[in-house]
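[1] Build me a model:
(2 chains)
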Amino acid sequence: MNFIYNLYPVRAVFSIFQVVTSWLTPRNWFRWKPTSAGQLEKVEQKILNYCKNLSEKKFVPVKSEEIWTVVLNKEKEEEHTPLVMVHGFGGGVGLWIQNLDDLSEKRTVYAFDLLGFGRSSRPTFNRDPSLAESEFIDSIEEWRKSVKLEKFVLMGHSLGGFLASAYAIKYPKCVQHLILADPWGFPEKPPVNQEQQRLPGWIRLLATMIKPFNPLAGLRAAGPWGPSLVRRIRPDLRETFSEVLEDDTIFNYIYHCNAQKPSGEAAFKTMTIPFGWAKFPMINRMTDIPSHLPLTFIYGSRSWIDRSVGNRVKYIRNDSQVDIQIIQGAGHHVYADKPQIFDRIVKKICDTVDHNIALEQRKSQLATEKERNIGDEIQDE
Amino acid sequence: MNLSFSGCGFLGIYHIGVASCFKEHAPQIVESCKFAGASAGAIVSCCLMCGCCLGECTNFTLRLATKARSRTLGPLHPSFNINKILREALRQVLPSNAHELATGRLFISLTRVSDKQAVIVSEYESKEELIQALLCSSFVPFYSGLIPPKFRGERYVDGGLSDNLPILDEHTVTVAPFAGESDICPKDLSSNFLHINIVNTSMQCSAKNLYRMSHALFPPDPEELSNMCRQGFDDTLVFLQQNNLISCIRHLTVRSSITTKSLMEDGASEEVNESVMAHHNHNEEDCPECKKKLQVALLDSLPPSVVSALQTACDSVNKGLMNYFFSTRPVRLLSIAVTPWMLPIDILYNYGVKFLEWLPSMPQDVQAMFLELSEIIQELITQFLHQRHSYSARFTCQLAITEVKCEKEKRRKLIKKRKSSGIGPMIRNYNIGFAVDFNTQEKDTMGSLQSLEGHIDKISMEDIHFEQRDEAGSLSYYPNSERPSQSSGAPCQELFDTFEQCLHVTNHLDSVLSYHYQDPNNKGCYKFAEIYSLKGVPISIPETDTDTSQTTASDMDLSWDSYVEMKPEIEDEIEAFIDSAMCLPDFDSDSYNQE
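    Sure thing, here's the model as predicted:
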């Protein structure tokens, strides 16, 4: 089936068919949300135009879905260990824009949109939290097989950090180093304390009322006012990306990423307890990651993510390498707030990985040589 | 390092906790850094900088909060005049040289009423002026009053409306009582992704933040406030520890000596400085005194003066015979029953008093209000009119001036120069074109043109182009839009002169040929053409100098050129008519060169 689908004419006919059917559905006659996959593509293109080392962007087929992938500096794949970047909640490839060029200076960098986010396909996830999680992770593994990666450094930010750790637990084989930038979903939800009980009734009522909705439902409900809503509530992002992007590009990108069908977002919701606590916190599963796999936490000093988790992980995994870096003056979006410092840390980690691999290769070479020598000697005798 | 305190109304008590921690454990920072703030943040930073007793500040805040809570409508009750109370308190608490201390070190964020822009002031001539700036910065419209106060003749309101957390430079430590991405802020145990950024203050969307926001203007009971104060102190301690800013007295003196030396003798002390720094860095880690200090800080909480202030405030609410009397059930019931009757009288009385107090400054304020109101009405009217413009029209005009020169002398010279080439008359074509896009109420083309007449000076000319065509057929093109403002006539004086001449000519001469027709493709579009012969009429056409032609225009999106390109038939038509009307003599196009 896949092979037929890949035939160009079949694909063209199919896409035409899709367009025609979209015209015929009454829901599309009147559009409340000013968004579409095409608009997202356009904005993303605008962002990626800034990127100099871009070598490929493509949809990587994964089972019945597609994962949008951006590859940088593909030529260097053989020389150095590639880096794979997983974005956070509500984001996409475009948010890495300030880091892509710098990180891909020496090595290949793969950045992809998670299943259900950005430009990747948006399937309906399982309603069971652990199954939804494994759907994410399996899609990453399938993706890895499709792009034929054997060894890589895995980096995840926020929700991406959670999924990257979950991936490292299930498929540790190829991961050389796990970098978690302000990872979400590590601590357990603390028991309801008295202070929260003391909150006035109207606030608790409001909280109960918004519980059944997806986290970003308000953005979609705002319809035509959505893009300006993003601009209103996160004006700081303009400043953060001002060196790279002009005016409203980043707001439009974030809007179009999240205004479409909430698939990944719904999966996120099934994986959480209100508000924003992981149902299966990663802190309890840290020991499942093989102890030989080194870990690095990169936190922003201003971030709301609980930094003490890093130290607890260090304590739990006392038999393996766990490093904690704190970037001063950076918020939750560490990589965008202080791109230079962040890149320096990540590049250093990747270099160490390269170095270690080279050492190991040398060792095994020596060992085989020794064996051969011994074999030769035996033969001689 | 600079400190920036956010505006937050009554939650300013959090800032007091922060300030007392800085004063206690990092006095070197307080002495050297700059402060920025909006509303409550500005007041606290001013008090911290001037070395006021923070216990007194706490006391005052709590008293203010209790007073605000004591009336039925809370702080909205007319007898609660926060501006007056604040002014008196600031007069009392600030030292007489406060303005000298504050100038250049205290940056207060204000919002200008006239254009709603953020303004940061840092220079004050007198203590009164400083207090006035602080009051302006904490004036919440409709909450504090209706008429915004003046600072240096300009009316300002709360800085928290435009820039709640002014950032001075990269090393600004931000302090906010809302959980979010500030350096010093309460850390809520929350894992919510949703984050918003309102007027520069980052906030997590959590129930507790909502609770805090609801109490920014309507204060909670003193116990809650004192908790916030304590939290401010603790958060700051954590911050200071994480950034290694707590050190012992010896190291403090070392630090201060660095600054004085480098100020006194600039270059010479560099060497000394370095050695001092090295010494300081070396010692801090294993200095027993520093360690002890850190340990003390760990166990420390709010300074005693602040604690006692908090305690008395809590006591005054809960203890005492009067309180006991008022909190008994029958009295409470009675007060609830009486409220609907008493409240109107109370409000009336208070407004009466307020009105009497306001009388002296009434004319001025009324004038200001009138101005503001008229501005709003004007804006509304223009907006309304703008929306009524339901049709958009484009008025394009092209003047094709063909100048035929037959100067014999020159010709002879030229012939001399190029003997082989025979030269005909010099012909220059000027194409002056412009397009005006405008909105109109009328559907009819003629009507809309008439309405354009009245507003011609309000309409922006999109682009005026000037082109000169020499006979060889090469087109030299002079866009005039490199001039900065195209909207008014002034910069294009030269061109308008030409236009005026053309108008003059058209008014006084009969045209050789004139016609108009309706565009067959577009019923709403009329086209006019008139051709004049200028024989014997003095008319000067500006020589376009090469300088202007070299600078290229930056915004040429909708130039005449591109407009013509879109509709090539116009150009052809005009060309054809000029040709036929002027009956140009045939000549060899190769033999011409540009003059």
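[2] Flag every residue of chain B that's near chain A.
    Neighbours of chain A within chain B, by CB under 8 Å from any CB of the partner chain: B:170, B:179-183, B:187-198, B:200, B:202, B:204, B:206-208, B:210-211, B:214, B:242-243. C-beta here means a position set from N, CA and C on the backbone, and glycine is covered the same way.
[3] Please flag which of those residues sit within strands.
    Among the residues of chain B next to chain A, DSSP state E puts B:His195, B:Ile196, B:Asn197, B:Ile198, B:Ser202, B:Gln204 in strands.
[4] Could you tell me how many residues sit around the second one?
    Read that as B:Ile196. Other residues within reach of B:Ile196, judged by other CB atoms under 10 Å in any protein chain shown, total 16.
[5] which residues touch it?
    A:Ile233, A:Arg234, B:Ser202, B:Met203, B:Cys205 (CB atoms under 8 Å, 6 or more residues apart in numbering or on different chains).
[6] Skipping adjacent residues, who's closest to B:His99 in space?
    Closest residue to B:His99 apart from its sequence neighbours, by CB to CB, 6 or more residues apart in numbering or on different chains: B:Tyr124 at 4.1 Å.
[7] In a helix, the one you found, correct?
    No. Secondary structure of B:Tyr124 (DSSP: H, G, I helix; E, B strand; the rest coil): coil, not part of a helix.
[8] My read is that it contacts B:Leu130, right?
    Yes. With contacts counted by CB atoms under 8 Å, B:Tyr124 reaches B:Leu130, the gap being 4.2 Å.
[9] number of nearby residues for residue 219?
    Here I'm looking at chain A. For A:Leu219, using other CB under 10 Å, the count is 24.
[10] my bad, the chain I had in mind was chain B
    Residue neighbour count, defined by other CB under 10 Å, stands at 23 for B:Pro219.
[11] In the chain, where's the longest helix?
    Unless you meant another one, I'm taking chain A. As assigned by DSSP state H, the longest helix anywhere in chain A is helix A:339-380.
[12] Wait, chain B was what I had in mind.
    In chain B, with assignment by DSSP H, the single longest helix is helix B:329-358.
[13] State the distance from B:Thr236 to B:Phe5.
    As judged by CB to CB, to the nearest Å, B:Thr236 and B:Phe5 stand 12 Å apart.
[14] hey, what's in contact with both of these two?
    With CB under 8 Å, 6+ apart, B:Thr236 and B:Phe5 have common neighbours B:Val18, B:Val175.
[15] Nearest to A:Leu180 among the contacts of B:Ile196?
    Closest approach between those and A:Leu180, by CB to CB: B:Ser202, at 22.1 Å.
[16] The closest one and A:Gly331 touch, don't they?
    Yes. Between B:Ser202 and A:Gly331 there is a contact under CB under 8 Å: 7.1 Å.
[17] For those two, list the residues in contact with both.
    With CB under 8 Å, 6+ apart, B:Ser202 and A:Gly331 have common neighbours A:Arg302, B:Glu181.
[18] now the stretch 101-250 of chain A, which segments are flagged as low pLDDT?
    For the stretch 101-250 of chain A, the stretches with pLDDT under 70 are A:193-197.
[19] ok, which stretches of it are helices?
    A:129-147, A:159-170, A:194-197, A:201-210, A:217-221, A:226-233, A:236-240, A:249-259 (DSSP state H, counting those that start in this stretch).
[20] now do the stretch 1-150 of chain B
    If DSSP H, counting those that start in this stretch is used as the criterion, the helices of the stretch 1-150 of chain B fall at B:12-25, B:27-32, B:40-49, B:54-70, B:82-93, B:98-102, B:127-137.
[21] could you dump the ones you listed to a markdown table with mean pLDDT and mean neighbour count?
    Below are the helices of the stretch 1-150 of chain B laid out as a markdown table (pLDDT from 0 to 100; neighbours: other CB atoms under 10 Å in any protein chain shown):
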| stretch | mean pLDDT | mean neighbour count |
| --- | --- | --- |
| helix B:12-25 | 87 | 27 |
| helix B:27-32 | 83 | 16 |
| helix B:40-49 | 89 | 28 |
| helix B:54-70 | 82 | 20 |
| helix B:82-93 | 86 | 16 |
| helix B:98-102 | 86 | 21 |
| helix B:127-137 | 89 | 23 |
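[22] Would you reformat those as TSV and include distance to A:Arg307?
    Compiled in TSV, the helices of the stretch 1-150 of chain B are given as follows (distance: least, CB to CB, whole Å):
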stretch	distance to A:Arg307
helix B:12-25	20
helix B:27-32	23
helix B:40-49	26
helix B:54-70	30
helix B:82-93	38
helix B:98-102	36
helix B:127-137	34
